[in-house]
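J.: Turn this into a model:
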Amino acid sequence: MRFIAASLIAFATAVTAVGNAVVSNGSDEPFYVWSVGSTVGERREVLPGSAIVEAFRHDAQTGGIALKITKTNDGLYTGAPTQIFSYSLDGEQVWFDLSTVFGDPFKGHKITVESANGPKIEWPTGTHPGGSQVKVAPSKNDVFFTLHK
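T.: Now for the predicted structure:
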């Protein structure tokens, strides 16, 4: 009986395992990230050479999560140029996108968003290159937003 219970727990964990949204800073300056769904998470500073990790989650009210990134520590509340790495967890898939509001905070820097064995979004100059930016990947995989030098 213990073996069956342990096996069921392991199976349930494997079935519900999800990846992470990873925001990585390869530039020379810090930036700031807020996780926004129906509520706004606390501000997190991402220093050069470091990253933050958030397990994919579903927001029942908004359906998705927007990781809002600014170069100023109060940028979310002051209308600063904001990079938005958004995702929506949909069972075995995660949909992700890249956009901006109020300007292009990382103009002049390459930005990539990619998943292992999945599609990639690339903004070579830190500005929207045109076309649809929406991609989908298996939700068990991590999706990496990277700001390059």
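
J.: Let me see the contact set for residue 149.
T.: 26-28, 109-110 (Cβ atoms under 8 Å, 6 or more residues apart in numbering). (Glycine included, C-beta is placed from N, CA and C.)

J.: same thing but at 7 Å, please
T.: Listed by Cβ atoms under 7 Å, 6 or more residues apart in numbering, the contact set of residue 149 reads 26-28, 109.

J.: same check, this time on residue 72
T.: Listed by Cβ under 7 Å, 6+ apart, the contact set of residue 72 reads 78, 80.

J.: so it sits in a helix?
T.: No: if the criterion is DSSP: H, G, I helix; E, B strand; the rest coil, then residue 72 is coil and not within a helix.

J.: how much space between it and residue 45?
T.: Computed as Cβ to Cβ, to the nearest Å, the residue 72 to residue 45 distance reads 11 Å.

J.: Over to residue 93?
T.: Residue 93 sits 31 Å away from residue 45, going by Cβ to Cβ.

J.: Spell out, range by range, the helices that occur in this protein.
T.: 2-16, 75-78 (DSSP state H).

J.: Which of the ones you listed has the lowest mean pLDDT?
T.: Among those, helix 2-16 carries the lowest mean pLDDT, a mean of 43.

J.: where does the chain have low pLDDT?
T.: Counting by pLDDT under 70, the chain shows low-confidence ranges at 1-16.

J.: can you map out the strands along it?
T.: In the chain, the strands defined using DSSP state E lie at 20-25, 31-36, 44-46, 51-55, 65-70, 82-90, 93-101, 111-115, 120-123, 135-138, 143-147.
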